[in-house]
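Q: Need coordinates for the below:
(chains A, B and C)
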Amino acid sequence: MKKITYSLNYRKPKEEYTENCELTVCVRYYQKLDDGKHKVVKKSTGVKCKLKDWDSDWHKAENRHPIKSTDSNYLEKNRIIRNKSIDLHSFIKDLKPLKNISSFNSKVPNGPLHLKWSNHKNDVRLVSPANKRNIDIIVVGTGLAGGSACATLAEQGYNVKAFCFQDSSRRAHSIAAQGGINAAKNYQGDGDSVYRLFYDTIKGGDYRSRESNVYRLAEVSSSIIDQCVAQGVPFAREYGGLLDNRSFGGVLVSRTFYAKGQTGQQLLLGAYSAMNRQVARGKIEMFTRHEMMDIVVVEGKARGIITRNLITGEIEKHSAHAVVLASGGYGNLFYLSTNAMGSNVSAAWKVHKKGALFANPSFTQIHPTCIPVSGDYQSKLTLMSESLRNDGRIWVPKKIEDAKKISEGTLKPIDLNEEDRDYYLERRYPAFGNLVPRDVASRAAKERCDAGYGVNKTGEAVFLDFSSAIIRYGKEKALVKGLDTEDMDLVKSLGEGVIRAKYGNLFQMYEKIVDENPYKTPMMIYPAVHYTMGGLWVDYNLMTTIPGCYAIGEANFSDHGANRLGASALMQGLADGYFVLPNTINDYLADDIKTGPIPNDKPEFDEAKKNVEEKIEKLISNKGSKSVDFFHKKLGKIIWNNCGMSRNETDLKKAIKDIQNLRSDFYNNIKVTGDKNSFNESLAKALRVADFMELGELFAVDALNRNESCGGHFREEYQTKEGEALRNDDDYRFVSAWEYNPIIEFSKLHKEHLDFENVELKSRSYK
Amino acid sequence: MKNIFKSSIGRKIAMALSGIFLIVFLTQHFLINITSVFSEDIFNMLSHFMGNNPLVQFVLQPVLIAGVLFHFVMGFILEWQNRKARPVTYAMYKGSKNSMFVSRNMIISGIVILSFLVLHFYDFWVPEMDYKYIQSLPEDPNRYYEELIHKFENPVRVGLYCLSFIFLALHLVHGLSSSTQSLGTNNKYATTIEKISFAFGIAIPLGFCFIALYHFFIHF
Amino acid sequence: MKLYLKIWRQKNSQSKGKIVDYEIDDISPDMSFLEMMDVLNEKIIDEDGDPVAFDHDCREGICGSCSMFINGEPHGPDKLITTCQLHMRRFKDGDTIYIEPFRAKAFPIIKDLVVDRTAFDRIQQSGGFISINTSGNTLDANTIPIEKENADKAFDAATCIGCGACVASCKNSSAMLFVSAKVSQFSLLPQGKVEATDRVLNMVNQMDEEGFGNCTNTGACHVECPKGISLDYIAKLNREYVKANLKK
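A: Sure, this is the predicted structure:
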C-alpha cells in the first residue's frame, strides 16, 4: 500500500486535546515495505486546523475535504495542503495516483480504455429537451471547434450565443488548414485501427498526453468523416466514387482525408453551414466583430463574458449558464507565425487569470515546411502543407561551399549533382524518411542550417524538391497513356500535371510569394511556429478548473502532448465540438435546469466591465511613442530566439527578465492613436499584445521548469549523443498546469501525473 | 412560380427570352429584305404577304411591338436598379480589365437602337399604316420595292442606318450569348453556342448594312 | 520604391468619405500589399494620425477578409489572388495607386476600407446548408459513391472564400457568382439534392432582398474571382432556379 494521506500532528495523546485546540496539518507518505515494516515520510504543511474542524473521514468520499467548512478559511487551507501533497507526490516514485480533493481532477472514468467513453456517455446526466430551451451557452470563437460546438449545442436545443472577432464566423483561422483530417476508417485496408491512431498520437506527442482523451479522440474520428460527408463537404474522391486518402508525418498508414490543399476551408464551411441552419432557426445568436475581454465568475461558476464591439467600441455584458472557449492557439506570441493576424490568447488568458489552470504553455509546434522569412517588414509566415512531404524530398548541399554558392546565387540548385545533395531526413531516419513528425523534421532543418548548409541569403532555408516525384508520376502517366517514357520533356510535363492536380493551389501560393516557379526549381522552406499544444487545462469533460467554463479545440491542452501529428488538429477541433462537449456539458448543466435566466446586472459583471474600461482607457490615454507592432515584434524576437526550436537554461532565464522589462516598457511607452469608441484596430491589437506579454513569461517559466526534452520542447541540456530528444519519464511524466499569480514568475505549478496503462513508454524512434 | 419575374434571375430570363424573340424577328426581317437584292418580285410578294395577312397584321405585329416595348422597358428598369445597387461609385474603375466594353454598355447600344427604331418607324411603319389604314388607299402589290429604294437615296439616312446597324451588332454580340447563358446552357456545346451566337450577332446587322449600301450604290 | 497612394478615408458608416493622398517611401518589392499598408499605418501612427482601417486576417488568401479595390480592380491587378497575396513587385517606382473599399449598397462601409459583408452570411442562412443532425449518427461516409467529376466540380464551387470581389467588380454589384457557387456546391452532391428546390428559391430571394444588382452576364466576376469560380455555375443557378419555380 503506497499512498499519501493527511493527518494532524499530535504531540501528546489525543485525549488530552480539546476541540478548540489548533494543530498543524501534515502530509504523510505511508508505505508498507515487503518485509512488513512501515516507512513513513511526514511533512508539515504549515496549515493549522482546530480539532473540531477536522474531518477524520475525509477520504471516504471524493467531495469531502480534510478541513470542514466550519473553518472560516477552509477552502484556502484545503488548497494549500492539497498542493503540498502534490509536491510530495512528485518526490516519490511509483505512487498510486493521488485521490483528488480539489477541483484539479482529471475525472477520467474508470474501466478499460476502450470502454471509458461509452461508459461515460451512459453515466453522465442528461438535460431534457424542454429544459434545454431555458439554458444559454456562450461560445467564444467560431472555428472548427467553436463552430461545430455551436451547431450541435443549438441542435440539441440550447440557446447559443456565438462570438467571433472576424466579420463572419466563416473566417476563423481553421479555414487555413491545408493538408487534411485523420480518421481511423481503414478504408485503405492498410492495417489502420482506432488503437493505431491512438498509439500514433500518443507516440507522436512524445508520451505527454492523457491516454483516455487521446483514445476517445481516435474513437470518434470516423464519425467526423461520416458527419462531414453528410453535410456536403466535398472530400477528394477516387474514380470509383469512394473517398481518397493520403499519408501524413509520423505514421505508416494512409488515414488522412483531404480536399486538395483546402481541407480546413471545406470543413469549416461545413461547420459554418451547420451553424447557419441554427441561426436561421433562431437557436444561435451570432455576434461577429465582438472580442471577448473578460470572463465573469459568479459564486464560483462561469456565468458570462464581457465583450467589446469592434465596430462601436461598446463594452457589453453577456450572461449564460456556461461559457465555452474555442478561441484557438497563441502562436502569434512569436509575432511571426502561420497564425492569422488576429489570432490571440486573450480569451484564454483572461480565463486563466480568473482561476483556470494553463497547461504546458511552452509546448509549441514548429512546422518544418513554411516559406522562409524574407525581410524585417514581414508580417506573417505562410505554411506549405505537410502533405507536400508525401512527394517532396528535403535536401541541402553536401558540401558547405556549394551551399555558399547557392545562397549567393552563383549556383543553381537544379545544376547540383545528385551525389552532392544531402537528403538528410532520408539519411537520418530511413524508416520514415521525409515523413518524420514535425518536431523531428524542424530540428533537423535547424541543425543543418546552424551548421552552415542553409541555402538562401539568411542561411535559414532548405530545399523541398519535387523533381523526382514529377518524373515518377510522369513516367507512370506516360505508361498508362501508351506514350514514350524516355521523352523527358513529355514525362516532365505529364508529371507536372499530376503534381498540379494534387497541390496546385500550394504551388501557386508559393510562386506568388517567392516569385519562383516551384515546378522548375525546388521550393525553399524553413520551420515556423504553427500550433500550440499547450492551452487551458481541462478535465476529461473538457471543463477548465473554473466550473462551467469549458475549453475546446486548440484552446485546450488535452490531446497532442508535446507534439501534434499532422492532420490531427482538424480532427480534434471537430471531435471536441461535434461529439465530446455536447455530451459532457449536459452533466454540468443538469444542475442548472431550475436556475432560470442568468442576470447580467450582478456586481461581478459590473466590476469586470469596469476593469475592462479602465484598461482600455489606460492604453489609449498613454502618451507613449511606440506602436503596438514595435512591442509585438520585440516580444516575438525574444521568444523565438530563446524559447524557439531549442532552449537552454541560460536563454530561458534571460528571456524571463527580458519579457519583464519589455512589459514595463510596453505600459510606459505604448502609443495607441484613434478613438476608443469606433473601429480601432491598433487598440484591439494593443489589448491582445498586453496579454501576450504576460503569457510569454509563463511560456519561458514553463520551458525552464521542464528539465527534459520531449516533442516540440527541446532542451539542449537533455539530448542523446545523436542529438535526439532525451525524455525524462521518471521526473517529468506530468502535465504542468500553472495557477495564475500576478507575479508570473511565481505562478504555482500543479502536476497532473500521466499514467500509461495501455502503451509502453518507449523512446520515440523514427529510424 | 407566380413570383418568378419579380426576382433578379426571373427578370434576366425575361430579358433573354424577349431578346431571343426579337432576334428571331430580326432574322425573319433580314431574310425578307435580302431578297430585294436579287429579286424585286419575290421581295414584293413577301412584303405584300406580310403587310396584308391578317394573322401577321393583327396578331404577330402587336406581339412584336409588345416584345420590343417589354425588352426596352425591362432594360431600363434593370439599369436603374443596377445603378441603385452602387450608390457611391468608384473613383477608379477599370472595367476593361475584366469584361468586354459591349457587355458593360448594353444600355448605350440599346438607346441607339431605340432611337433608330423611331427613325425606322417614321420611315416605313408610319407611312405604311397611313397608306393602309388611314388613307385606305387601294392595295398595290408591287409598290414595296420602289418604296424601299426610294428610302435609300439619301446618303445621310444610309449613313444613319449603317451606324445603327453597327450598334445593333455590338448589342447582339453580347446579347445573344448572354441570353443563352441566362437560360442556363452549360453543357459540352456551350462554347460552340457562344461562338455561333457571336458570329450570328455580327452577321445579321452586317447583312442589313449590306442591303442598305447595295441599294444606295446600285440606284445612285 | 516610392509610391503615391490615394486612399478612401471614411470615419464611419454615417459620415461622408473622401480620397486622401499619401506618399510612402522605401517600399521593398518583396513586400506584400498589406505589409505596405502596415508600413503606411506605422507612419500615420508616428504622426499621431488615425491609421487606415482595412480588413485582413489570414494573409494567405483563404479567409476572404481582405477587401480592397486597387487601381480599379478588386484585389488589384493580378488575377486569381486576394489582396494579401498581391506583392509590391507588381508596381513600379513612382506609381500612383488608388485604394478603395468594395462598393455596393449591400456592403455598407464601416470605416475606411472596411465593409460590412454580413449580407453574404444572411444569404447562406437562408438555405446554404444541408439539414442534417450534427450528432454523427449518419450513414457511413462511403455508403454513397459520388462521381469524381461531380465531386470535383462541387469542390471547385466550394472553394469560394466569400470575399465579395464578384460584387465589387460587377458593374451592377450583383452577387450572382457567390450565390451560384453556394447553390451548385450542394446541388452537385447527392446529399444536397434533397433540399435543392427550397435552397435555390430561398437563397435567390434573400440575395434580392439584400439589394444586390441584377446579373447582365458581363463576366467580370469570374475574371476577378480570386478562386477562379466559373460562370458555368451562374448558368447552372439559372437552370436550377427555373426548375425550382416549375416545381413550386
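
Q: A:Ser682 against A:Gly674, yeah?
A: Yes. Using CB atoms under 8 Å, A:Ser682 makes contact with A:Gly674 at a distance of 6.3 Å. Backbone N, C-alpha and C define where each C-beta goes, glycine included.

Q: So for these two, which sits in the more crowded spot?
A: For A:Ser682 versus A:Gly674, the count of surrounding residues by other CB atoms under 10 Å in any protein chain shown is larger for A:Ser682: 24 against 21.

Q: Who are the contact partners of that one?
A: By CB atoms under 8 Å, 6 or more residues apart in numbering or on different chains, the contact set of A:Ser682 is A:Ser627, A:Val628, A:Val672, A:Thr673, A:Gly674, C:Asn41, C:Ile45, C:Pro51.

Q: List the ones among those residues that fall in helices.
A: If you go by DSSP state H, the contacts of A:Ser682 have A:Val628, C:Asn41, C:Ile45 in helices.

Q: By neighbours, which of these wins?
A: Greatest neighbour count in the ones in helices among the contacts of A:Ser682, by other CB under 10 Å, goes to A:Val628: 24 neighbours.

Q: now A:Gly553, nearest residue through space, not along the chain?
A: Among residues not flanking A:Gly553 along the chain, A:Ala145 sits closest, at 2.7 Å (CB to CB, 6 or more residues apart in numbering or on different chains).

Q: Chain B: helices as residue ranges?
A: Along chain B, the segments classed as helices by DSSP H run B:8-38, B:40-52, B:54-55, B:61-84, B:101-104, B:106-120, B:126-129, B:143-151, B:155-182, B:190-218.

Q: My guess is A:Asn309 contacts A:His290. True?
A: Yes. Using CB under 8 Å, A:Asn309 is in contact with A:His290, at 5.8 Å.

Q: Comparing the two, which residue is more hemmed in?
A: Legend: neighbour count by other CB under 10 Å for A:Asn309 and A:His290, higher for A:His290 (23 against 16).

Q: returning to that earlier point: identify the contacts common to A:Ser682 and A:Gly674.
A: Contact criterion CB under 8 Å, 6+ apart; residues shared by A:Ser682 and A:Gly674: C:Pro51.

Q: sorry, back to before: out of the helices of chain B, which one sits most buried?
A: helix B:155-182 (a mean of 20; mean count of other CB atoms under 10 Å in any protein chain shown).

Q: hang on, the earlier thing: what touches both of A:Asn309 and A:His290?
A: Joint contacts of A:Asn309 and A:His290 (CB under 8 Å, 6+ apart) are A:Glu316.

Q: what comes up buried for the longest helix seen in chain C?
A: Longest helix in chain C by number of residues (criterion: DSSP H): helix C:232-247. By neighbour count on 16 or more other CB atoms under 10 Å in any protein chain shown, the buried set for helix C:232-247 is C:232-242, C:244-245.

Q: can you tell me the helix or strand for the closest residue to chain B within the stretch 301-450 of chain A?
A: Of all residues in the stretch 301-450 of chain A, A:Ile311 sits closest to chain B, at 19.3 Å by CB to the nearest CB. According to DSSP states H and E, A:Ile311 maps onto no helix or strand at all.

Q: what about it, neighbour count?
A: The burial count for A:Ile311: 19, using other CB under 10 Å.

Q: residue contacts, it?
A: By CB under 8 Å, 6+ apart, A:Ile311 lies in contact with A:Arg289, A:Ser678, A:Phe679, C:Ile110, C:Lys111.

Q: ok, the fourth one - contacts?
A: What that stands for is C:Ile110. So C:Ile110 contacts A:Ile311, A:Phe679, C:Asn12, C:Ser13, C:Ala53, C:Asp116 (CB under 8 Å, 6+ apart).

Q: Now the buried members of those.
A: A:Ile311, A:Phe679, C:Ala53, C:Asp116.

Q: Can you tell me how far the last one is from C:Ala104?
A: Using CB to CB, to the nearest Å, one obtains 10 Å as the distance from C:Asp116 to C:Ala104.

Q: hang on, the earlier thing: closest one to chain B out of the contacts of C:Ile110, please.
A: Chain B lies nearest to C:Ser13 out of these, by CB to the nearest CB, at 11.9 Å.

Q: my guess is that closest one contacts C:Phe107, does it?
A: No. Between C:Ser13 and C:Phe107 there is no contact, the gap being 10.9 Å when judged by CB under 8 Å.
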